[in-house]
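K.L.:
Make a model of this:
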Amino acid sequence: MNRSDYKRLGDYIREVDVRNRDLAVTNLLGVSISKEFIPSIANTIGTDMSSYKVVRPNQFAYGPVTSRNGDKVSIALFHGDGCAIISQAYIVFEVQDEETLMPEYLMMWFRRPEFDRYARFHSHGSAREIFDWDELCDVLLPVPSIERQRAMVAEYETLSRRIDLNRSMIAQLEATAQTLYRKMFVDDIDPEHLPAGWRMGTLGEIADFKNGKAVQKGLGNIPIYGGNGIVGYCSASNAKNVIIIGRVGINCGSIFLETKDCWVNDNAIIGIAHSDLSYYLYQTINRMDLNSQSEGSGQPLLTQAILNNQECVIPPQDIAVTFNTRIECVYKYLETLNEEQSILTELQSLLLAKMGR
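P.N.:
Numbers count the residues shown, from 1 in each chain. Predicted structure coming up:
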């Protein structure tokens, strides 16, 4: 794309400042760093909502304060039904002519990591850094023909719909696995009057635990797990078919199931199920509030000893094997969906990258 195709954003947008004077709008929202409108969690008791700003469909809102958001800028396009209100701290704006610049195309530009880096670089201030309206208007972006914009938006939204569908299917499959576990090992199971062959025991009787080890990120496609999920990739592995449990920090007690080769770093604990009953172990641990069992005040810590001593119901071996076998197909499908999610997300990133070429 030629540099001459880049246009000043301020020539295509205008600020909107409509206040909720008559209190007709009650749907209070905020804008997340994932660039979505979300329900507000602010305490509004006694707040004068008449000064809040009204945002309508196809209008944008962004928070000019960037110093609190890490590397992200809170900006989003409103697609809701009717109107919503947002805090006066946000700036609301809209595209002047949607036949020249599609709001959805502009939102794609805002989703690019390059835009976030640009906004952070051009933010200014001492106590807090601001990416103000004038700076936003000075953003340069390519504005191809409206036909080209429509084609790019259609391609991006097709990927988004598939990602949303997969996300819904993943949630349903996880719920199915939890329901089956609850039916077999929780409902109608009284720890005080267990069926014949059942007993109370500890996690240490059905699994072995060990700490992960530090590793350098580098070339490779083997995921590195930390205390809150995948943090990078490398070419080596130190675990397979394991449960990964966050060991330290605010996320201690987070759990992940990984059946393929992976590297677990020293912010997590590796759980290895006896008799290869990984799905059974994962669901057993998933019902435990491990975060509340952590030690330490300044830095929460989960230890192997804490895990080993967690009380649990231990069924006869054949019943645990039956559950593990039944649920395996669910988790195999979950693996397929998660792999597809990674591919779709990468395709979205490539499409956003192409916008600047």
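K.L.:
now for the helix or strand hosting residue 134, which elements pack on it?
P.N.:
Assigned by DSSP states H and E, residue 134 falls within helix 133-137. Helix 133-137 is packed against strand 91-95, with contacts defined by 3 or more Cβ pairs under 8 Å, 6 or more residues apart in numbering; DSSP states H and E. In this view, the C-beta of every residue, glycine as well, is placed from N, C-alpha and C.
K.L.:
Report the backbone C-alpha coordinates of the strand it packs on in PDB.
P.N.:
Extracted in PDB, the C-alpha atoms of strand 91-95 (Å, rounded to 0.1, in the frame of the first residue of the first chain):
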ATOM      1  CA  ILE A  91     -14.500  10.300  24.800                       C
ATOM      2  CA  VAL A  92     -17.300   9.300  22.400                       C
ATOM      3  CA  PHE A  93     -16.900   9.800  18.600                       C
ATOM      4  CA  GLU A  94     -18.300   8.600  15.300                       C
ATOM      5  CA  VAL A  95     -17.400   8.300  11.700                       C
END
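K.L.:
which residues touch that strand?
P.N.:
12-18, 53-55, 58-64, 86, 101-103, 106, 133, 136 (Cβ atoms under 8 Å, 6 or more residues apart in numbering).
K.L.:
can you do 7 Å?
P.N.:
Identification of contacts with strand 91-95 by Cβ atoms under 7 Å, 6 or more residues apart in numbering yields 12-17, 53, 55, 58-62, 64, 101, 103, 106, 133.
K.L.:
Kindly report the same for stretch 212-231.
P.N.:
232-238, 244, 246-249, 251-252, 254, 256, 258, 261-270.
K.L.:
In strands only, show me the residues you listed.
P.N.:
Of those, the ones assigned to strands by DSSP state E are 232-234, 244, 246, 256, 258, 263-264, 268-270.
K.L.:
hmm, which two among the residues you listed are most spread apart?
P.N.:
Based on Cβ to Cβ, the longest span within the ones in strands among the contacts of stretch 212-231 runs between 233 and 269 and measures 20.6 Å.
K.L.:
Looking at the two, which one has more neighbours?
P.N.:
residue 269 (26 against 15; other Cβ atoms under 10 Å).
K.L.:
Distance-wise, check the more buried one relative to residue 178.
P.N.:
Per Cβ to Cβ, to the nearest Å, residue 269 is found 22 Å from residue 178.
K.L.:
quick revisit: now distance to residue 302 and pLDDT too, for the ones in strands among the contacts of stretch 212-231, in a markdown table please.
P.N.:
As requested, the ones in strands among the contacts of stretch 212-231 are exported to a markdown table (distance: Cβ to Cβ, whole Å; pLDDT from 0 to 100):
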| residue | distance to residue 302 | pLDDT |
| --- | --- | --- |
| 232 | 22 | 92 |
| 233 | 25 | 93 |
| 234 | 24 | 94 |
| 244 | 12 | 97 |
| 246 | 7 | 95 |
| 256 | 14 | 96 |
| 258 | 18 | 95 |
| 263 | 19 | 97 |
| 264 | 14 | 96 |
| 268 | 9 | 95 |
| 269 | 7 | 96 |
| 270 | 13 | 97 |
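K.L.:
Now which of those would you call buried?
P.N.:
The neighbour count (16 or more other Cβ atoms under 10 Å) marks 232, 234, 244, 246, 256, 258, 263-264, 268-270 as buried among the ones in strands among the contacts of stretch 212-231.
K.L.:
of these, closest to residue 329?
P.N.:
residue 258 (17.8 Å).
K.L.:
If we ignore the residues flanking it in sequence, what's nearest residue 59?
P.N.:
residue 94 (4.6 Å; Cβ to Cβ, 6 or more residues apart in numbering).
K.L.:
The one you found: how many residues sit nearby?
P.N.:
Neighbour tally, residue 94, other Cβ under 10 Å: 19.
K.L.:
Could you do residue 41 as well?
P.N.:
8.
K.L.:
now residue 260
P.N.:
13.
K.L.:
Tell me who's in contact with it.
P.N.:
residue 240 are the contacts of residue 260 under Cβ under 7 Å, 6+ apart.
K.L.:
neighbouring contacts of the helix holding residue 134?
P.N.:
Outside helix 133-137, the residues that reach it (Cβ under 7 Å, 6+ apart) are 8-10, 15, 91, 122.
K.L.:
Among those, pick out the one closest to residue 32, please.
P.N.:
For the contacts of helix 133-137, the nearest to residue 32 is residue 91 (16.0 Å; Cβ to Cβ).
K.L.:
quick one: low-confidence ranges for this protein?
P.N.:
1-4, 69, 126, 297 (pLDDT under 70).
K.L.:
Where does the record place the domain boundaries for it?
P.N.:
3-143, 146-188+318-357, 199-314 (automatic domain parsing).
K.L.:
With respect to burial, which of those domains scores highest?
P.N.:
Compared across the domains of the chain, domain 199-314 shows the largest average neighbour count, a mean of 18 (mean count of other Cβ atoms under 10 Å).
K.L.:
Start and end of it, how far apart?
P.N.:
The stretch domain 199-314 measures 5 Å between its terminal residues, going by Cα to Cα, to the nearest Å.
K.L.:
Thank you, goodbye.
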